[in-house]
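A.B. asks: Structural data only, the sequence is not supplied:
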């Protein structure tokens, strides 16, 4: 037990150190290099004193982008862990079962109607994500779907929602132009005005979720076991799916359709810490934040001065990872 506890503590410490390191690199590295003394001086002077080019780059470009990476990574990774626990399916994630696509359709509709304020975009993304995840969960419950069927149903919902977004973009070219970067996924145009509302929703969702990890452990045991322990399964399932949709929808509202974060990070977390959600959820928040920030750093520095959208890089990583999981599970027949 002591060895396992020591390993868990080391994993948390390592993830925290990596997160701090990639945050500093994300702020300092790019087409314009910023020395650490310049960063410290800019922080000391505050956002009200941006007299130097370095301070302007830090406060108005690098810092909002880095905060966006941290928040979206934490939100998408924890949302993936929650969805996997609630659906008792380790192949589930916000990007695969249609949660991200639901949020994306809602944002595309907002663009079509010219509703571009931060709160409207964040609220619409949350609503679209909730509708998508509840549709998948309700359908699976009604037809008593197997774990693999839930994933297939989610993929179908994902395809339909993405098709609807594409149709709107074609019929309303202005909306298509505004939503183009959104569909790829990235942080090149992140601003405080759009980031702030989503940040409030994400932090609130994470705080609530951290208090419900014991209940998530119970519901992960299966419906019959959870009911036997006195839990109102339908009520708690709705609560957790709503929280996961809140996190994913708020993240997608400013990051675009980033895929596979909620699939990769929870799997790595289970290997490194445990299946116990009291440890897994906080670890996913830290590791997810570091993972997305690192991917964004690589995407914008690898081909500098050109920038590769981070969504493309994540798809290149996540696609093979998903195939590996399918092969490992023998095509899903074990689930």
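C.D. replies: Done, it's in. Not measured: the values here are computed from a predicted model.

A.B. asks: For residue 242, which non-adjacent residue is spatially closest?
C.D. replies: Among residues not flanking residue 242 along the chain, residue 130 sits closest, at 6.0 Å (Cβ to Cβ, 6 or more residues apart in numbering). Where C-beta positions appear, they are placed from N, C-alpha and C, glycine not excepted.

A.B. asks: what residues are up against the one you found?
C.D. replies: Taking Cβ atoms under 8 Å, 6 or more residues apart in numbering, we find residue 130 in contact with 102, 241-242, 245-246, 249.

A.B. asks: Quick check: pLDDT value at it.
C.D. replies: Note for residue 130: predicted pLDDT of 82.

A.B. asks: again, but for residue 331
C.D. replies: pLDDT at residue 331 comes out at 48.

A.B. asks: Just among the contacts of residue 130, which is most surrounded?
C.D. replies: residue 249 (35 neighbours; other Cβ atoms under 10 Å).

A.B. asks: just checking, that one touches residue 132?
C.D. replies: No - if you go by Cβ atoms under 8 Å, residue 249 and residue 132 don't touch, sitting 9.0 Å apart.

A.B. asks: shared neighbours of those two, anything?
C.D. replies: 99, 102-103.

A.B. asks: for those residues, which one is nearest residue 152?
C.D. replies: Residue 152 lies nearest to residue 99 out of these, by Cβ to Cβ, at 15.6 Å.

A.B. asks: ok, so what distance separates residue 221 from residue 173?
C.D. replies: 50 Å (Cβ to Cβ, to the nearest Å).

A.B. asks: who's more crowded, those two?
C.D. replies: Remark: of residue 221 and residue 173, residue 221 carries more neighbours, 14 against 9, as counted by other Cβ under 10 Å.

A.B. asks: Now the more buried one: phi and psi?
C.D. replies: phi -70, psi -10 (degrees, to the nearest 10).

A.B. asks: That one: what's it in contact with?
C.D. replies: residue 229.

A.B. asks: hmm, try it at 6 Å
C.D. replies: Taking Cβ atoms under 6 Å, 6 or more residues apart in numbering, we find residue 221 in contact with no residue.

A.B. asks: per-residue confidence at it?
C.D. replies: pLDDT recorded at residue 221 is 82.

A.B. asks: From here on, call the first residue 21.
C.D. replies: Sounds good: first residue 21 from here, last item residue 241.

A.B. asks: buried ones in the helix or strand containing the residue nearest to residue 262?
C.D. replies: Here residue 150 sits within helix 138-162, counting by DSSP states H and E. Neighbour counts over helix 138-162 (16 or more other Cβ atoms under 10 Å) mark 138-146, 148-157, 159-160 as buried.

A.B. asks: after that helix, next one along is what?
C.D. replies: helix 167-191.

A.B. asks: Taking their axis directions, that following helix and helix 138-162 sit at what angle?
C.D. replies: Put simply, helix 167-191 runs at 140 degrees to helix 138-162, going by axes from the mean of the first three to the mean of the last three Cα atoms, to 10 degrees.

A.B. asks: Now do the buried residues in helix 167-191.
C.D. replies: 167-171, 173-174, 177-178, 181-182, 184-185, 188-189.

A.B. asks: From residue 26, how far off is residue 234?
C.D. replies: Taking Cβ to Cβ, one finds residue 234 at 23 Å from residue 26.
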